[in-house]
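>>> Next input, structure requested:
(3 chains)
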Amino acid sequence: MTCLLRRLHRIPLSNLGRRCASTFQYLDVEHSENGYSTLKLNRKPVNSFNLEFMNEILEVIDNVEKMPESRGLIITSAHKVFSAGLDLTELYNPEQDKSRQERLNTFWSTFQELSLRLYQTPLITIAAINGAAPAGGCALSLNCDYRMMADGKFTIGLNETQVGLAAPFWLCQLFISVVGHRNAEKYLTLGTLLKPQDALKVGMIDEVVPAEELMSSAAKEMEKWLKIPELGRVKTKELLRREYVNDFVRLRGDDLKGFTGLVNNPLLQKTLGNYFKALQKKT
Amino acid sequence: MTCLLRRLHRIPLSNLGRRCASTFQYLDVEHSENGYSTLKLNRKPVNSFNLEFMNEILEVIDNVEKMPESRGLIITSAHKVFSAGLDLTELYNPEQDKSRQERLNTFWSTFQELSLRLYQTPLITIAAINGAAPAGGCALSLNCDYRMMADGKFTIGLNETQVGLAAPFWLCQLFISVVGHRNAEKYLTLGTLLKPQDALKVGMIDEVVPAEELMSSAAKEMEKWLKIPELGRVKTKELLRREYVNDFVRLRGDDLKGFTGLVNNPLLQKTLGNYFKALQKKT
Amino acid sequence: MTCLLRRLHRIPLSNLGRRCASTFQYLDVEHSENGYSTLKLNRKPVNSFNLEFMNEILEVIDNVEKMPESRGLIITSAHKVFSAGLDLTELYNPEQDKSRQERLNTFWSTFQELSLRLYQTPLITIAAINGAAPAGGCALSLNCDYRMMADGKFTIGLNETQVGLAAPFWLCQLFISVVGHRNAEKYLTLGTLLKPQDALKVGMIDEVVPAEELMSSAAKEMEKWLKIPELGRVKTKELLRREYVNDFVRLRGDDLKGFTGLVNNPLLQKTLGNYFKALQKKT
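Residues are numbered from 1 along each chain as shown, chains lettered A, B, ... in the order given. Predicted coordinates:
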């Protein structure tokens, strides 16, 4: 809450502690004069989450939370795919040596941390989804306060089962809170990806806009949220997300064990191997 | 459960213990011969909840529960506003003296108690919403079994954040149970007020009827509910609301502390002060 | 998980341990060559659940879970009623002697067990609802992964309160997870039965198909689910249903006590007696 209080009281903060936007390897960051920042994911070709990419996003959240002049964050992609989710090469053949297993542990802990931090930030968070958002890409948007999606021939959803994986319990719970238990169960089990208009119907996203209006619409929505007095808004967000966060934190260790166990299962490695072969053939 | 058993076995009850309806300062109470009572909120101009008003409503719930000839309660307004919610003057400048702080404590405890009692009563409860129902007015209706609203140019919703407040966790949870987590989050954060037809679409209310038919429609709906064998109906209500009630009771003390802390925050007092000034200008 | 692992690794299993389908008194079981089995409820006239009927269904679940060549189960009726739910004669006049009370205990424990087993089975479960499915009939389908209903002049729902009973807490919770808290509360309290198209609108069922296409549509749906890699699918089902199962198991003893207490209540016996008299008059 320290940074919230600092912002509420408008304590100016030296910029010295912050890394200049241009020094990020995978991200473009812009600060608007209207009181919010924009984060453009830029790890080509599909913004897949490797460890370094996630650490950079975490750093941006930290930085913007500390800026008294920025109270919101719009997350979008710098190119045509919002995000394809986890970088599956991080999961492939981890048993080869000890440092690979350690990286697997750190990789998953960081994905947990990123989700928790984004879900709990006092910043107003809007996902401006300008392209495909399967699996982790969808997860990133689910952690935001509002999801706006460009209309187009791409899809969104949690399709983990299609590649042999299972979404972790906390992502399941998050999805349930957005689309309801029944829909979550059906979509998660079948790994369903939905077109923007269908995603809108079940509440997976909040709004569909023409692609060329996405960023201006996101800015307008942000201005609406910025008008709400901050103390009550942040308190409300905290109250509504508290139970989920408590469960997540309590079961975080078990989830790490479960995930690494699943990844080390030979059946999963075989499924992943086949998946990579199929990808190579395509390219 | 004592009063339920008494009612189930139709043990007659002397009227001596009950206060005559006409002695209430802020309420009109009528007992129908068809097995239910009607409570008309009558604290002009907008039925805002001060301590005494809430204590009177609590007394009516007690009384009707003890009446073997009454198994339901329709709640409506005696005039054109259903209820504007909490009387904000109860929250303004509480730090002035010790008795003000004590009243603030009692005020919030009584609002908690009223919500718990109304939500748990074995009576069939129908809110016949005949006018605007923001904040606490909406909360009152959410504690009922059924919400019927007159069509008209007024709105319903939990707009606490608009005046700088945050709805307490238990009201958030109640709202979630009615409109789902996603809608609850969006509406609570932005403090959204909905027109009757829009409130109907998201399930915030169960039915919209022409204003002139509101009371007759509420009576018809009550008759439908009165036909259900009581033992199973009351048991079902208890089972469905048990978990919520347990959480509420467990965290009641924390909520009281959190609320009085928020009210004593200078930022909130400033927001309230501005709100009162704006109101005065209007009048 | 033993049987899941066995199936995943395709360990062949001797058929010796399994009872031949034709030896069931109340059930017809068929094993398709496409990787799933079909269970046809056949206790005339209305597939009402008595103790022996439920034990047979439990045995079928056990058997199919052990068959490496079968990974799914379609449940339907061999005649025109899907299931009328609990056999109410099991609940009538239990106080007559000690063995009746013991049977009542076993009866309810078995209904709990059947629900838990069906809800947790790693098998893909599809209810092909080809006729009326009130109370326990609806409950059976709610425990499946997918509900497909024939269009026709019959209904589905949890109408326990209509005969003076209350659905147990775990059935309430299951219903909430499917149709949401608000709808569950309204339907459970009033004991509402819905036509197929109305049940579809609120998500109580997933699909309505013409009666003559029910079994072929169910087979097609099953094939869709069978394509999902099993490890991730089963893990996802387990994660999504874990919390419910934990609560159920924890409160199972209390529920048994509560249920037998309710059944032994003279008021309930009177309601049941009247119900049976009304039924006799009809016949």
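
>>> CA atoms for contacts and neighbours, from now on please.
Will do.

>>> Can you show me the strands along chain A?
Using DSSP state E, the strands found in chain A span residues A:27-31, A:37-41, A:72-77, A:124-129, A:133-134, A:146-150, A:156-157, A:207-209.

>>> Switch those strands over to TSV; also include mean neighbour count, distance to chain C and mean pLDDT.
Rendered in TSV, the data for the strands of chain A read as follows (neighbours: other C-alpha atoms under 10 Å in any protein chain shown; distance: least, C-alpha to the nearest C-alpha, whole Å; pLDDT from 0 to 100):
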stretch	mean neighbour count	distance to chain C	mean pLDDT
strand A:27-31	18	32	96
strand A:37-41	23	29	98
strand A:72-77	26	28	98
strand A:124-129	26	26	98
strand A:133-134	26	16	98
strand A:146-150	25	22	98
strand A:156-157	26	15	98
strand A:207-209	20	22	98
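
>>> Spell out which residues of chain A are next to chain B.
Where proximity means C-alpha under 8 Å from any C-alpha of the partner chain, the interface of chain A facing chain B comprises A:145, A:177-180, A:203, A:225, A:228-233, A:235-237, A:239-240.

>>> all helices for chain A, in order.
With helices called from DSSP state H, chain A shows them at A:2-8, A:51-66, A:98-120, A:136-142, A:169-179, A:181-190, A:196-201, A:214-226, A:230-263, A:266-282.

>>> rank the ones you listed by mean pLDDT and give me the bottom one.
Within those, the least confident segment by mean pLDDT turns out to be helix A:2-8, at a mean of 44.

>>> Just say which of the helices of chain A is most tucked in.
Mean neighbour count (mean count of other C-alpha atoms under 10 Å in any protein chain shown) peaks for helix A:136-142 among those, with a mean of 25.

>>> Please enumerate residues in contact with it?
By C-alpha atoms under 8 Å, 6 or more residues apart in numbering or on different chains, the list of residues contacting helix A:136-142 from outside reads A:49, A:82-86, A:115, A:126-127, A:129, A:147, A:156-158, A:171, A:174-175, A:178.

>>> ok, now stretch A:207-225?
Stretch A:207-225 is contacted by residues A:34, A:36, A:72, A:74, A:124, A:126, A:128, A:130, A:147-152, A:196-197, A:200, B:190 when judged by C-alpha under 8 Å, 6+ apart.

>>> Close to chain C: what parts of the stretch 51-200 of chain A are there?
Looking at chain C, the residues of the stretch 51-200 of chain A close enough under C-alpha under 8 Å from any C-alpha are A:160-169, A:172-173, A:180-182, A:185-186, A:188-190.

>>> List the residues that contact the closest residue to residue A:58 other than its chain neighbours.
The shortest distance from residue A:58 to any residue that is not its chain neighbour, by C-alpha to C-alpha, 6 or more residues apart in numbering or on different chains, is 6.1 Å, and that residue is residue A:114. Neighbouring residues of residue A:114 by C-alpha under 8 Å, 6+ apart: A:54, A:57, A:58.

>>> what's the answer for residue A:85, then?
By C-alpha under 8 Å, 6+ apart, the contact list for residue A:85 reads A:47, A:48, A:49, A:133, A:134, A:135, A:136, A:137, A:138, A:139.

>>> show me what contacts the closest residue to the fourth one other than its chain neighbours?
By that I understand residue A:133. With C-alpha to C-alpha, 6+ apart as the criterion, residue A:133 has its nearest non-adjacent residue at 4.6 Å, and that residue is residue A:156. Residues in contact with residue A:156 (C-alpha under 8 Å, 6+ apart) are A:132, A:133, A:134, A:135, A:138, A:193, A:194, A:195, A:196, A:199.

>>> repeat that with 10 Å
Each residue near residue A:156 by C-alpha atoms under 10 Å, 6 or more residues apart in numbering or on different chains is listed here: A:82-84, A:129, A:131-135, A:137-139, A:141, A:149, A:192-196, A:198-199, A:204-205.

>>> Of all the residues in the stretch 51-200 of chain A, which one is nearest chain B?
Nearest to chain B in the stretch 51-200 of chain A, going by C-alpha to the nearest C-alpha, is residue A:178, at a distance of 4.9 Å.

>>> coming back round to it: make TSV from the strands of chain A and add distance to residue B:109 to it.
As requested, the strands of chain A are exported to TSV (distance: least, C-alpha to C-alpha, whole Å):
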stretch	distance to residue B:109
strand A:27-31	44
strand A:37-41	41
strand A:72-77	35
strand A:124-129	32
strand A:133-134	46
strand A:146-150	34
strand A:156-157	44
strand A:207-209	40
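
>>> Determine which of the ones you listed approaches residue B:262 most closely.
Each of the strands of chain A has some distance to residue B:262 by C-alpha to C-alpha; the shortest is strand A:124-129, at 20.7 Å.

>>> Strand partners (parallel or antiparallel) of the closest one?
Partner strands for strand A:124-129, per DSSP bridges, with pairing direction: strand A:72-77 (parallel), strand A:146-150 (parallel).

>>> where does that strand sit relative to the chain's centre, distance-wise?
10 Å (C-alpha atoms, centre = their mean, to the nearest Å).

>>> swap in stretch A:213-226?
Taking C-alpha atoms, centre = their mean, the mean C-alpha location of stretch A:213-226 is offset from the chain mean by 19 Å.

>>> again, but for stretch A:133-143
5 Å.

>>> Dump that stretch to PDB, restricted to CA.
As requested, the backbone C-alpha atoms of stretch A:133-143 are provided in PDB (Å, rounded to 0.1, in the frame of the first residue of the first chain):
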ATOM      1  CA  ALA A 133      -4.500 -14.200 -27.200                       C
ATOM      2  CA  PRO A 134      -4.400 -17.900 -26.500                       C
ATOM      3  CA  ALA A 135      -3.300 -19.500 -23.200                       C
ATOM      4  CA  GLY A 136      -0.900 -17.200 -21.300                       C
ATOM      5  CA  GLY A 137      -1.900 -14.300 -23.500                       C
ATOM      6  CA  CYS A 138      -5.500 -14.700 -22.400                       C
ATOM      7  CA  ALA A 139      -4.200 -15.200 -18.800                       C
ATOM      8  CA  LEU A 140      -2.400 -11.800 -18.900                       C
ATOM      9  CA  SER A 141      -5.600 -10.100 -20.000                       C
ATOM     10  CA  LEU A 142      -7.700 -11.900 -17.400                       C
ATOM     11  CA  ASN A 143      -5.500 -10.300 -14.700                       C
END
